[in-house]
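K.L.:
starting from these lines, generate the structure:
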Amino acid sequence: MLETKELNLLGELNDEQGVLEDFISDYQGSSTYVCDAISEAADHAVPISNHDIWKSAYDISEYIEDAISEGLAPVQSGSVNLIKIFTAGYYQYYSQALHTNLDIMVYNYMAEEINTYLDRLDEDILDELNIDDIESRLEDEADDFDHNNTFDFIDEIIESIKEYIDELVEELEEDEE
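P.N.:
Modelled structure (predicted):
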């Protein structure tokens, strides 16, 4: 079976792994663009209560500074709202975590779907399949995944890999005859 890959966690916030693990499943099969979904997911992950925003602001200070330097945080002379600045830092943090892990998340989702598909195969056929070829194909598809693709494109890739597996199975069955 195909093994999933470890996420590259930034490691500053406790809910980061959950946000990353839910990302693909939250949008799977939709015609949402990946880049739009990343923005939306990062926005939804930002804490709402002032207490929660302040609680980890120190831990994400680097991302708060990035948000300020990129103009995401409203910093104007005489008008500073720390909550909005910290919120922009959280957004920056989650956005970076999602972008950094996109290829891994796409690969893991496809691997899980293909593993489910492979589970239906006879053990003897499964033993003869070259899993390394299937894994290589998954890696090629997930590597440098384009943020401008839609989520339903991932499902199209999965379907093409399933067709590839069917062809391999047919060849194995013909060789046995």
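
K.L.:
and E159, which helix or strand is it part of?
P.N.:
helix 151-176 (DSSP states H and E).

K.L.:
which residues does the helix or strand where R137 lies contact?
P.N.:
Counting by DSSP H and E, the element that carries R137 is helix 131-142. Residues from elsewhere that reach helix 131-142 (Cβ atoms under 8 Å, 6 or more residues apart in numbering): 1-2, 103-104, 106-107, 110-111, 114, 157, 161, 164-165, 168. Quick note: C-beta positions are derived from backbone N, CA and C, even for glycine.

K.L.:
is it possible to mark the buried ones in these?
P.N.:
2, 103-104, 106-107, 110-111, 114, 157, 161, 165, 168 (16 or more other Cβ atoms under 10 Å).

K.L.:
elements contacting the top helix by length along the chain?
P.N.:
Looking across the chain with DSSP state H, the single longest helix is helix 82-118. Counting contacts by 3 or more Cβ pairs under 8 Å, 6 or more residues apart in numbering; DSSP states H and E, helix 82-118 packs against helix 16-27, helix 34-45, helix 50-55, helix 61-69, helix 131-142, helix 151-176.

K.L.:
which parts of the first one are buried?
P.N.:
It refers to helix 16-27. 16, 19-20, 23-24, 27.

K.L.:
ok, back up a step: give me the helices and strands touching the helix holding E159, please.
P.N.:
helix 16-27, helix 82-118, helix 123-128, helix 131-142.

K.L.:
what angle separates the longest helix of the chain from helix 131-142?
P.N.:
150 degrees (axes from the mean of the first three to the mean of the last three Cα atoms, to 10 degrees).

K.L.:
rounded mean pLDDT for helix 82-118, please.
P.N.:
In this model, helix 82-118 carries a mean pLDDT of 96.

K.L.:
swap in stretch 9-16?
P.N.:
95.

K.L.:
residues near K55, how many?
P.N.:
13 (other Cβ atoms under 10 Å).
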